[in-house]
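1. need coordinates for the below:
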Amino acid sequence: MILWRYILRSLTAPFFFGTSVIMAVFLLTHLIRYVTDLASKGIEVMVIAEFVVLNLSWIVVLAIPIGVLFATVMAFGAMSAANEVTVMKASGMGLFKMMAPVLVAGCMLWGFTFWYTDNVLPDTNLRLSTMMRDIQRLKPTFAIEAGRFTTQVDGYTILARRVDSAGVMYGVTIYDKSRTNRMNVVNADTGRLAFSPSLTRLVLQLYHGEVHQSSKMSPNEYRVVEFDRHQITMLADRFFFEQTDANGTSRSDREMSIADMKAIVARTDSSYNVSSQRFDSVLHRHVSTILTPSVFVTDTSSRANKNINALNRALALTSTARAELEGETSRRDADFNISNKYLVEIYKKYAIPAACILFVLVGCPLGILTKGGNFGLSSAISLGFYILYWIALIGGEKLADRGILSPAVAMWLGNFVMLVIGILVTLKVNYELNLTQWVKNLFAKSARRKPLPL
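-> Residues are numbered from 1 along each chain as shown. Got it, this is the predicted structure:
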């Protein structure tokens, strides 16, 4: 137990340090695009602080596994550099016994991370998304995203092809639908959006452009007006910050618990099965109709008219069957995509916390092999493996969304890769194996093995 306490004490400081650094890096990377806008919109300091804390909620889930990896590499690397690992091995303590307390701690972190991901994170994500919508209502420049149409202002659709950090919009197109009898399309080189002094209206200043005016009552009337400076005044009722009650907001997949998502998956799977049965029923009915020629003979007129009428009836039945089949196929595809989307998120909630255990298998032997007891080497190793894990996770999610891989395989792909690496390096360190030579010997033995006589 003394060695257990010593090993765990060696891990504690690197774990909290590594997790804190990763959280700070993630937070700064994410908030760099929002800090200036938040500070310039007159939002209270407490609201900004809540915004930062809510972002930390999802960051901590990603930071804990890499904190485990950093701590194990650094702690075991330091023990290896100080020959403490050699002393432990000489006293009969193998790598598995050294890793036992770390695996227990990893299991505890896995349990905490899973509980947090399933119970706390959905509510904080919901609160964060609700706050983002509230902030976007405060000033339209926060809601305007370069290259996308914005409909936050009633009666207007705004497109800015580029928006700089100062809030200046470039390549602006405005669709003015505020008048019932006229449609204006305004194109300008640059523009700036701001509040009026009374804070009751939005003032859009446009520079160097033209206004295309058309009348809805008289389509032939069309006029083009060029301008060096043009001003549009719009109501600002929707752009004052008011905190919305998150409890009354519908939730997305990242704002739900596993139980809630499983209920949706069950409903969509049931709907998918119903659509499949309807598809088979329509197809069977249509095939049966085609195989019954007497169905198409409905009159007693001349033979030519009979053939024409039969052909028309066949075409009508085929068109109806095709429409029904396409409708059921569309519903079935929609149900499949919805089910797939929620299954991806469900398996992700299981996979990311499990990395706390897998990174123990990777970090402990790697620390001993590299003697990575310093910050730089430990950080480099941890970052490299986490990038590999993240690429597998994100790539798997994309493949699952496209239906190329099943959600379970896609989300556990990164964990499987880490498990294989962890097993190999653990065996190498514990048994002091030369893995390359071991693989060569294995293939050599297989080649020399004679086949059994028939």
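2. and the helices in the stretch 301-450 of the chain?
-> Using DSSP state H, counting those that start in this stretch, the helices of the stretch 301-450 of the chain run over residues 303-370, 375-401, 407-431, 435-448.
3. what's the answer for the stretch 51-200 of the chain, then?
-> Under DSSP H, counting those that start in this stretch, the stretch 51-200 of the chain gives helices at 84-90, 95-115, 121-138, 140-143.
4. and those, which is most packed in?
-> helix 140-143 (a mean of 21; mean count of other CB atoms under 10 Å). Where you see a C-beta, it was placed from the backbone N, CA and C, and this is true even at glycine.
5. residues contacting A194?
-> Contacts for A194 (CB atoms under 8 Å, 6 or more residues apart in numbering) come out as L202, V203, Q205.
6. and the gap between it and D228?
-> For A194, the distance to D228 equals 19 Å [CB to CB, to the nearest Å].
7. over to F70?
-> Distance of F70 to D228, computed by CB to CB: 58 Å.
8. ok so, going back, looking at the helices of the stretch 51-200 of the chain, which is nearest to N273?
-> Nearest to N273, of all these, is helix 121-138, at 27.9 Å by CB to CB.
9. from the chain's centre, how far out does the closest one sit?
-> Taking CA atoms, centre = their mean, to the nearest Å, the mean C-alpha location of helix 121-138 is offset from the chain mean by 16 Å.
10. pick out the shakiest of the helices of the stretch 51-200 of the chain, pLDDT-wise.
-> Of all the helices of the stretch 51-200 of the chain, helix 140-143 carries the lowest average pLDDT, namely a mean of 56.
11. if we can go back for a sec, between F70 and D228, which has more neighbouring residues?
-> Neighbours around F70 and D228, counted as other CB atoms under 10 Å, are more numerous at F70. The numbers are 31 against 8.
12. and the residue nearest to the more buried one when sequence neighbours are not counted, how far from V282?
-> Counting by CB to CB, 6 or more residues apart in numbering, G18 is the residue found nearest to F70 once chain neighbours are left out, at 3.3 Å. Distance of G18 to V282, computed by CB to CB: 59 Å.
13. what's the answer for A24, then?
-> 58 Å.
14. of these two, who's got more company?
-> Neighbours of A24 and V282, each counted by other CB under 10 Å, are more numerous for V282; the result is 18 against 13.
15. domains in this protein, by residue range?
-> The record's domain parsing of the chain by automatic domain parsing lists 2-137+346-445, 143-239, 258-344.
16. from the chain's centre, how far out does the first one sit?
-> It stands for domain 2-137+346-445. Relative to its parent chain, domain 2-137+346-445 has a centroid offset of 18 Å by CA atoms, centre = their mean.
17. now stretch 157-168
-> How far stretch 157-168 lies from its chain's middle: 26 Å, per CA atoms, centre = their mean.
18. now do stretch 148-163
-> Distance, centroid of stretch 148-163 to centroid of chain: 25 Å (CA atoms, centre = their mean).
19. export only the CA atoms of it, formatted as CSV.
-> Presented in CSV, the C-alpha positions along stretch 148-163 are these (Å, rounded to 0.1, in the frame of the first residue of the first chain):
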residue,chain,number,x,y,z
ARG,A,148,-24.3,32.8,-44.8
PHE,A,149,-27.7,34.4,-45.0
THR,A,150,-28.9,35.9,-41.8
THR,A,151,-32.7,36.4,-41.0
GLN,A,152,-32.3,37.7,-37.5
VAL,A,153,-33.8,41.1,-38.5
ASP,A,154,-37.6,40.9,-39.2
GLY,A,155,-38.3,41.7,-42.9
TYR,A,156,-34.6,41.5,-44.0
THR,A,157,-32.3,38.9,-45.2
ILE,A,158,-28.6,39.9,-44.9
LEU,A,159,-25.6,38.3,-46.6
ALA,A,160,-22.1,39.4,-45.8
ARG,A,161,-19.4,37.6,-47.7
ARG,A,162,-16.7,38.7,-45.2
VAL,A,163,-16.8,40.2,-41.7
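20. in it, what counts as buried?
-> T150, Q152, V153, Y156, I158, L159, A160, V163 (16 or more other CB atoms under 10 Å).
21. likewise stretch 326-338?
-> Applying a neighbour-count criterion of 16+ other CB under 10 Å, one finds E328, R331, R332, D335, F336, I338 buried in stretch 326-338.
22. of those residues, which is the nearest to A49?
-> For the buried residues of stretch 326-338, the nearest to A49 is I338 (36.3 Å; CB to CB).
23. what number of residues lie near S275?
-> Residues near S275, counting by other CB under 10 Å: 20.
24. quick one, which of the domains of the chain is nearest to R251?
-> domain 2-137+346-445 (5.8 Å).
25. OK, contacts around L69?
-> Listed by CB under 8 Å, 6+ apart, the contact set of L69 reads G18, F359, V362, G363, I381, S382, F385, Y386.
26. pick out the most distant pair among those residues.
-> Spatial extent of these (CB to CB) is set by the pair G18 and V362 at 14.3 Å.
27. tell me the pLDDT at P353?
-> Listed pLDDT for P353 reads 93.
28. list the buried residues for the host helix or strand of F26?
-> Per DSSP states H and E: F26 is located in helix 2-31. Within helix 2-31, the residues that qualify as buried by neighbour count (16+ other CB under 10 Å) are I7, S10, L11, P14, F15, G18, T19, V21, I22, M23, F26.
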